[in-house]
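In: Fold the following, please.
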Amino acid sequence: MAILPLLQAAAQSVAGYNPAYTGSGAMLGAGIGAGLAAIGAGIGIGQIGGRSAEAQARQPEIAGTISTNALILAALIEGVALFGVVVCLLIELKTYF
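Out: All right, here's what the predicted structure looks like:
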């Protein structure tokens, strides 16, 4: 599977793209980093959802507390993932200027 042509096509849509710029792999690294941040967040939220459902099945009397805690943890994971994606995009945009 060729990832580099997809990243190049995405980079061409960015304003200020310079086709003469060859880069040093920063675009590829930023794309891979953003992808890993999103994949990691998906895995983390999936684990939280699965474990909270299991905990609610074992102790239904505290299902509200478990749901609240799972929602807070999922929001924290999303925040960290968004920070990682923004940092990767800033690294990619830094190569243009």
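In: so after the helix or strand hosting residue 57, what's the next helix or strand?
Out: Assessed by DSSP states H and E, residue 57 sits inside helix 26-58. Counting by DSSP H and E, the element after helix 26-58 in chain order, helix or strand, is helix 63-94.
In: quick one: average confidence on stretch 43-54?
Out: Stretch 43-54 shows a mean pLDDT of 95.
In: correct me, but residue 28 touches residue 4?
Out: Yes - the pair residue 28 and residue 4 qualifies as a contact (CB atoms under 8 Å) at a distance of 6.4 Å. Just so you know, the C-beta spots here come from the backbone N, C-alpha and C atoms, and that holds for glycine as well.
In: More neighbours: these two, which one.
Out: Comparing residue 28 with residue 4 by other CB atoms under 10 Å, the one with more neighbours is residue 28, at 16 against 11.
In: and that one, how far is that from residue 72?
Out: Between residue 28 and residue 72 the computed distance is 35 Å (CB to CB, to the nearest Å).
In: sorry, back to before: and the helix holding residue 57, which residues are buried?
Out: Buried residues in helix 26-58, counted by 16 or more other CB atoms under 10 Å: 27-31, 33-34, 37, 41, 44-45, 48, 52, 55-56.
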